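[1] Sequence and predicted structure are below.
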Amino acid sequence: MITASTSLSQLTDVSKSTASLPRILDLTPSELTDWVVAHGWPKFRAGQLQKWLFHHRATSFEQMSDLPKPMREQLAAEFRLFAAEVESHQVAYDQTEKLLLKLGDGETIECVLMREPDRVTVCISTQVGCAMGCVFCASGMLGLKRNLSAGEILEELLRMQTLLSPDERITNIVVMGIGEPLANLPAVLQVLAAASSPDGLGIGARHITVSTVGLPAKIREFAHTGKQYNLAISLHAPNNTLRDKLVPVNDKIGVEAILDAADEYFEVTGRRVTFEYVLLAQVNDEPQHAQQLAQLLRGRCAHVNLIPMNGVSLLPYHEPAAPRTQQFVAILEQAGIPASVRKRKGADIDAACGQLRLKHEKS
Ligand code: SAH
């Protein structure tokens with residue numbers, strides 16, 4: 001099952017003596033420029049440094065060969081580049097890869113790289129654990145430990161970039177890993193700015209999707225970034241009674257407030273909002289659920305992404321049989337609501353986020 005194509009030592013660039021240094025990836029572009037200027041280097045050196053970080057896939061300051069040696073030495077003395085360790089690296093039969101990263105404080109997070117003929121999508125985590133407590137999700141089973149910093153999230157992206165061959169590049173980002181991204185919005189926005197900037201990873205905002213449990217005030221804030229990021233809302237139920245059971249934070253929010261915020265997101269950004277719906281056999285997969293969902297979304301510029309439940313050991317939920325899923329899709333489509341079923345990637349490597357970390361924490 002595990003066929004690590006890159007040795008762990010190649011991926012791990014952490015020296016014990018530097019463990020307390022700040023992470024260079026936590027700096028915004030203007031903070032980076034300030035550092036360069038404060039150390040007496042011309043401003044353009046900041047641009048070169050950024051190129052090494054984001055375009056040339058550097059894993060150490062030493063490699064940054066067009067920066068003056070004293071500057072590289074200063075950087076190495078003051079900052080860490082990669083601060084996490086690769087605890088495990090799995091490669092699935094379909095070439096999906098997953099990293100379990102061990103952070104400076106010993107906590108672990110997961111990130112996934114998925115290949116398709118026309119795209120390379122990465123899925124990133126934004127928190128250590130999750131406070132939302134969705135009953136079918138492995139990520140929240142151990143609660144929330146802490147937010148990730150912008151640098152820690154960016155390291156996920158850059159680490160995954162080092163797994164690519166020179167002719168491959170990351171084309172899409174989904175913020176659907178461990179954690180609730182809108183509960184860590186400032187760090188997430190800093191990361192997405194770097195990801196979408198031409199001086200950063202150069203991934204267009206329309207190729208970046210943030211998935212949220214549905215925090216209305218934060219959705220509204222996210223709507224006003226001036227960028228066209230995609231928003232996906234994890235609805236999972238077409239009414240409050242059922243949603244309260246599956247997504248416990250719903251009892252303080254309610255489906256109506258989420259839909260209002262989603263409408264604002266569409267009005268402000270012009271981006272069609274996706275509603276995610278994990279299909280749980282005999283829980284939320286009845287024809288009447290599909291009809292109710294269609295009713296709820298009627299007249300909205302929306303799309304439903306049905307996610308077959310990824311089995312989590314110890315949890316009593318399972319994906320429905322294929323005909324049941326198809327029936328759900330058909331009801332939505334007959335009602336004029338576009339729907340798709342998410343393809344499963346990396347099925348042989350616990351690729352549903354949170355599962356690998358859970359296994360690791362339990363052992
Ligand atoms: N907290 C955010 C993002 C992380 S979860 C959110 O709630 O959207 C990303 C998506 O994976 C969510 O739609 C979530 O409900 C779904 N998910 C969680 N556990 C799953 C499982 N076992 N099988 C299938 N999808 C799951």
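    Perfect, thanks for sending it. Quick caveat, the model's predicted, so the values are computed rather than measured.

[2] from here on, contacts and neighbour counts on C-alpha atoms
    Noted.

[3] Please report the confidence value the model assigns to residue 343.
    Residue 343 is assigned a pLDDT of 85 by the prediction.

[4] Tell me where the chain has strands.
    Using DSSP state E, the strands assigned to the chain run over residues 85-91, 97-102, 108-116, 119-123, 127-129, 144-147, 172-175, 208-212, 230-234, 273-279, 302-308, 339-341.

[5] so which of the ones you listed is the most packed in?
    Burial of the strands of the chain is given as mean neighbour count (mean count of other C-alpha atoms under 10 Å); strand 127-129 ranks first at a mean of 26.

[6] That one near the ligand anywhere?
    No. Figure legend: strand 127-129 not in contact with the ligand (C-alpha under 6 Å from any ligand atom); closest approach 9.4 Å.

[7] Which other helices and strands does that strand contact?
    Contact here means 3 or more C-alpha pairs under 8 Å, 6 or more residues apart in numbering; DSSP states H and E; on that basis strand 127-129 packs against strand 108-116, strand 144-147.

[8] List of residues touching the first one?
    In this structure, residues lying in contact with strand 108-116 by C-alpha atoms under 8 Å, 6 or more residues apart in numbering are 94-103, 120-125, 127-128, 156, 160, 177-178, 345-346, 351, 353-354, 356-357.

[9] hang on, the earlier thing: mean pLDDT and distance to residue 19 added to the helices and strands packed on strand 127-129, as TSV?
    Rendered in TSV, the data for the helices and strands packed on strand 127-129 read as follows (pLDDT from 0 to 100; distance: least, C-alpha to C-alpha, whole Å):
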stretch	mean pLDDT	distance to residue 19
strand 108-116	96	16
strand 144-147	98	19
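
[10] For the closest residue to residue 257 other than its chain neighbours, give me the pLDDT.
    On the basis of C-alpha to C-alpha, 6 or more residues apart in numbering, the spatially nearest residue to residue 257 that is not a chain neighbour turns out to be residue 216, at 6.4 Å. At residue 216, the predicted lDDT confidence score is 98.

[11] Surely residue 216 touches residue 256?
    No. Judged on C-alpha atoms under 8 Å, residue 216 makes no contact with residue 256 at a distance of 9.8 Å.

[12] For these two, indicate the residue with more neighbours.
    The neighbour comparison of residue 216 against residue 256 (other C-alpha atoms under 10 Å) goes to residue 216, with 22 against 13.
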